[in-house]
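**Q** Just to be clear, the model below is a prediction. Sequence and coordinates:
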Amino acid sequence: MDLKIANKMLETFKEKHPSLAGGIDQSSRALRKLLSQAQKTKMILSSNKVAPFNVESLFEDTDFQASVRREDFEDMCKDMFDRLTEPLEKALQMANATLADIHGVEVVGGAWRVPKVQAILTEYLSAGENKLPLGQHLNGEEAGALGAALVAANSSSSFRVKKIFFSDFTTHEYAVQVASLTGDWEKNYTVLYPAGSPLGGKKKLTFNLEEDFAIKIFENGVLISEYTVTGLKDVLEGKWSGYNMTAPPKVSATVPLAMSGIIEVKTPTATVEESYWVNVTVPKAKNISNATNASNASESNATDGANASEDEAPKEETTTTTTTEEAPAADESQEAPAEEAPNGSNASNDSTPLDVEIIQKLKKKKHDKKLTLTRIDYLPKPLNDQQIKEMRAAMEKVKSAEEEVLAVAGMKNELEASLYGGREKIEREDIIKVSTEEQREAVTKLCAEYEDWMYEAGATQNDYSTRLSDLQALLAPMDERAMELEFRADLPDTVKEYVDSMKDTKVVIEQNMTWVNVSKLEKPTQELEEFEEWWKKKQESQASLPLHEAPAYTKAELMEKLNKLSKDWERLKKIKKPKEPKKPKSKNATNASAKADKGPKLPETVEEVEKELATITEQKSAAVEAEDYDKAETLKKREKLLKTHLETLKESAASSADPAGGADTASEKSEL
């Protein structure tokens, strides 16, 4: 539809501008512009009866204006609209159904938004007994792709999805025929999968043959492949030639119809059944009647076995030969089992001769042979190994090309966004402050040039990337200058705050941290002075620069310097006071020191202890604020001693209040 509109407008342009008619057909850029506008016009016609068709500078700086009516558009596409209902009729025919059997209809695809398409479909669906509404509940562009993905995942063993009970059907009829390799005979033409059979079926062929053969596969009556099966004749003339076979070889082969719709022959196998007799020595029957019955039963079994069909043949047949021997068995290869005498003694130790009989049993054994399969394909022939390899290489090439297309599309979108953003950016007040008229005109000119260039086909990812870099080279400095202009308003206060904090830290270290060597302050002090000098020069330089030039300094550069200096001063502030070495003390000195550590005499009542604790807490807080850490440490020790003493006093008071405890104490004192 887009092409029909574009072609019609191309003819209209040639009629309006005959002098340009000869060259516009060769201009890919002009044709691309026509197709882009045709898509927009088609969308407008879905909701309006008339749509404009305007293209600026279509060819040779010539603008083109026209209009398209919905009636004209429908006339252009009449040949397609006439065929619109054919797929519906074909689908109903394949499903062996009519519109009366349909309960709901959903439209999928972008073209259904065209009013004429909706009108034709609605009219067709209303012709039946039950007038079906045209369902428009699915995302037309995504429903097909999503459905295909779900069906593929449902059919795969590599994905875990909620099971979709969906089965596809073959639209073709598949039949087989078994034939002689020499052409002397052919078996019946058998339809295995009629049209409409579900995919994924497995059928098995079974027949009797004594020679090599062929299996032909037909699709809708047309021979598509032939399988030559060999190896049966060789094994019959070779390994199986000495077998006493009960029936001709039974041949079986599976013919699956895969979910992909591909049919093939697999695992042809020949099976024969061999019968043979074996001698078995058993004890003789105890009486004549039993022996007679056993003999009659044996003969009856042999007769029945001879007359039985292959499927009903017994697995064992016996023939009895009676003999009297002192030896354990007539067949030296067989040993008769020792028979226990009625009284429990071993029969072999008895001097009485042992009666035994030799019974012949008929046994059967199956032999299988996998036959050789050779496939011959007719048109359309499947790919051979070399063709598959070439096609895979071609697919990889297409994949790389598609990835390149996606990368180009992404880069194109990015460039297009930058073009629109660039035009808006140069109109912002902050950008106008930090740029000149010439700089903004250069951006406008470059945007217009690149926008025209984007209509041309054949551009690579590198082409878009280069132009995007060129555009960013003009816009990025403007953004940077605008941001730095905004940041510079608050930077002087920030610098003052950092510098004052570092100078206060220096004063604290010099006055209260006497254990910090003065030499450690020299380097940070010098770096702080150098920074202040640098900052002063940068401010003076920035004040003399116009706003449309690169700033003398950036916020990132300034904050990096400040953070480095601040960390150096904080590191000095965290230096801890070194511990004083302990001096050896005599015993008397130790006792005196212990008494001295106790400090003043402890109060005797709970009220006095609590009062002193409150006083010490206030004094300790004042010492910490004054950074008198030695005094604070002394007060802390006294506070700890008072708390322990307070607990002791409270326990004593509790014991005195307990009568039982008091009696015990008095008793103990009297005993002492």
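**A** Arrived safely.
**Q** measure the spatially most central residue of the chain to residue 77 for me?
**A** Per CA atoms, centre = their mean, the C-alpha nearest to the average position across the chain is that of residue 159, at 9.4 Å. From residue 159 over to residue 77 the distance is 40 Å, taken as CB to CB, to the nearest Å. (Each C-beta comes from the backbone N, C-alpha and C, glycine too.)
**Q** I'd assumed residue 153 was in contact with the residue nearest to the centre of the chain.
**A** Yes. Using CB atoms under 8 Å, residue 159 is in contact with residue 153, at 4.1 Å.
**Q** Helices of the stretch 101-250 of the chain, residue ranges please.
**A** 115-125, 143-155, 232-237 (DSSP state H, counting those that start in this stretch).
**Q** quick one, phi/psi of residue 640?
**A** Backbone torsions of residue 640, given as degrees, to the nearest 10, read phi -60, psi -40.
**Q** Neighbours of it, how many?
**A** Neighbour count for residue 640, taken as other CB atoms under 10 Å: 11.
**Q** What pLDDT is listed against the residue nearest to the centre of the chain?
**A** With respect to pLDDT, residue 159 has a value of 79.
**Q** Equivalent analysis for residue 412, please.
**A** Looking at residue 412, its pLDDT stands at 88.
**Q** Check residue 39 too.
**A** pLDDT at residue 39 comes out at 93.
**Q** The one 5 residues further on too?
**A** On the pLDDT scale, residue 44 is placed at 94.
**Q** any idea which helix or strand carries it?
**A** Residue 44 is part of helix 28-45 when elements are defined by DSSP states H and E.
**Q** do residue 610 as well
**A** helix 606-625.
**Q** That helix packs against which elements?
**A** Packing contacts for helix 606-625, counted by 3 or more CB pairs under 8 Å, 6 or more residues apart in numbering; DSSP states H and E, involve helix 629-657.
**Q** Quick one: mean pLDDT for the helix it packs on?
**A** Across helix 629-657, pLDDT averages out at 79.
**Q** how far does it sit from the chain's center?
**A** Counting by CA atoms, centre = their mean, to the nearest Å, helix 629-657 is centred 69 Å from the centre of its parent chain.
**Q** Including distance to residue 71 and mean pLDDT, could the helices of the stretch 101-250 of the chain go into a markdown table?
**A** Formatted as a markdown table, these follow (distance: least, CB to CB, whole Å; pLDDT from 0 to 100):
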| stretch | distance to residue 71 | mean pLDDT |
| --- | --- | --- |
| helix 115-125 | 10 | 92 |
| helix 143-155 | 30 | 84 |
| helix 232-237 | 73 | 93 |
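**Q** Run through the chain and note the low-pLDDT ranges.
**A** Confidence mapping of the chain against pLDDT under 70 gives the ranges 128, 285-354, 582-599, 655-672.
**Q** so what does the lengthiest helix in it touch, helix or strand wise?
**A** Identified as the longest helix of the chain according to DSSP state H is helix 385-425. When contacts are defined as 3+ CB pairs under 8 Å, 6+ apart, helix 385-425 sits against helix 437-453, helix 461-487.
**Q** chain center to it: distance?
**A** Taking mean C-alpha positions (CA atoms, centre = their mean), helix 385-425 and its chain are 22 Å apart.
**Q** circling back to that earlier point, want to throw the helices of the stretch 101-250 of the chain into a markdown table with distance to residue 388 and mean neighbour count?
**A** Listed next are the helices of the stretch 101-250 of the chain as a markdown table, based on distance: least, CB to CB, whole Å; neighbours: other CB atoms under 10 Å:
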| stretch | distance to residue 388 | mean neighbour count |
| --- | --- | --- |
| helix 115-125 | 41 | 16 |
| helix 143-155 | 21 | 13 |
| helix 232-237 | 31 | 16 |
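**Q** for residue 265, what are its contacts?
**A** 176, 215, 217, 227, 253-255, 373, 375 (CB atoms under 8 Å, 6 or more residues apart in numbering).
**Q** ok, now with 7 Å
**A** By CB atoms under 7 Å, 6 or more residues apart in numbering, the residues touching residue 265 are 215, 227, 253, 255, 373.
**Q** now residue 177
**A** Neighbours of residue 177 in contact, by CB under 7 Å, 6+ apart: 186-187, 189-190, 216.
**Q** What about those residues, which one has the most neighbours?
**A** Of the contacts of residue 177, with other CB under 10 Å as the count, residue 216 tops at 19 neighbours.
**Q** I'd guessed it sits against residue 228; true?
**A** No. Using CB atoms under 7 Å, residue 216 makes no contact with residue 228, being 10.3 Å away.
**Q** just to revisit the earlier point, and the helix holding residue 44, which residues are buried?
**A** Across helix 28-45, burial judged by 16 or more other CB atoms under 10 Å covers 29-31, 33-35, 37-38, 41-42, 45.
**Q** how far out from the middle of the chain is it?
**A** For helix 28-45, the separation from the chain centroid amounts to 38 Å (computed by CA atoms, centre = their mean).
**Q** That helix: what's the following helix or strand?
**A** Next in sequence after helix 28-45, counting helices and strands by DSSP H and E, comes strand 50-59.
**Q** Can you point out the buried residues in that following strand?
**A** Across strand 50-59, burial judged by 16+ other CB under 10 Å covers 51, 53, 55, 58-59.
**Q** do stretch 508-526 as well
**A** 509, 521, 524.
**Q** And for stretch 538-548?
**A** So, applying 16+ other CB under 10 Å, buried residues of stretch 538-548: 538, 548.
**Q** and if you look at stretch 69-81?
**A** 70, 73-74, 76-77.
**Q** thinking again about what came up before, residues touching the helix holding residue 44, excluding its own?
**A** Here helix 28-45 makes contact (CB under 7 Å, 6+ apart) with 1-2, 5-6, 9-10, 24, 51, 53, 55, 58-59, 68, 70, 73, 455-457.
**Q** Then stretch 387-398?
**A** With CB under 7 Å, 6+ apart as the test, stretch 387-398 has contacts from residue 383.
**Q** what's residue 435 in contact with, if anything?
**A** 478, 548.
**Q** Please renumber the chain so that the first residue is 58 from this point on.
**A** Happy to do that; since the first residue is 58 now, the last one works out to residue 492.
**Q** looking at this, it is in a helix?
**A** No. Under DSSP: H, G, I helix; E, B strand; the rest coil, residue 492 falls outside any helix and is assigned coil.
**Q** Quick check: phi and psi on it?
**A** With angles defined as degrees, to the nearest 10, residue 492 sits at phi -140, psi 160.
**Q** Strands of the stretch 258-407 of the chain, start to end?
**A** Remark: strands assigned in the stretch 258-407 of the chain by DSSP state E, counting those that start in this stretch are 259-265, 270-276, 279-287, 307-313, 323-340, 375-382.
**Q** returning to what we had before: let me know the closest of the buried residues of stretch 126-138 to residue 479.
**A** residue 130 (36.5 Å; CB to CB).
**Q** Settle this for me: residue 573 is touching residue 567, isn't it.
**A** No. With contact defined as CB under 7 Å, residue 573 does not reach residue 567; the gap is 8.3 Å.
**Q** follow-up on the earlier one: now, of the strands of the stretch 258-407 of the chain, which is deepest in the fold?
**A** strand 270-276 (a mean of 20; mean count of other CB atoms under 10 Å).
**Q** May I have stretch 522-534 as CSV, with CA atoms only?
**A** What follows is stretch 522-534, C-alpha atoms only, in CSV (Å, rounded to 0.1, in the frame of the first residue of the first chain):
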residue,chain,number,x,y,z
SER,A,522,29.0,7.4,14.6
THR,A,523,31.3,10.0,13.0
ARG,A,524,28.5,12.5,12.5
LEU,A,525,27.3,12.0,16.0
SER,A,526,30.8,12.7,17.3
ASP,A,527,31.0,15.8,15.2
LEU,A,528,27.7,17.1,16.6
GLN,A,529,28.6,16.2,20.2
ALA,A,530,31.9,18.1,19.7
LEU,A,531,29.9,21.3,19.2
LEU,A,532,27.2,20.6,21.9
ALA,A,533,29.3,19.1,24.7
PRO,A,534,31.4,22.2,25.4
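**Q** got the contact list for stretch 608-627?
**A** Stretch 608-627 is contacted from outside by 538, 541, 544, 548, 552, 555, 559, 562, 581, 584-585, 588, 595, 598-599, 602, using CB under 7 Å, 6+ apart.
**Q** Since that was my last question, I'll sign off now.
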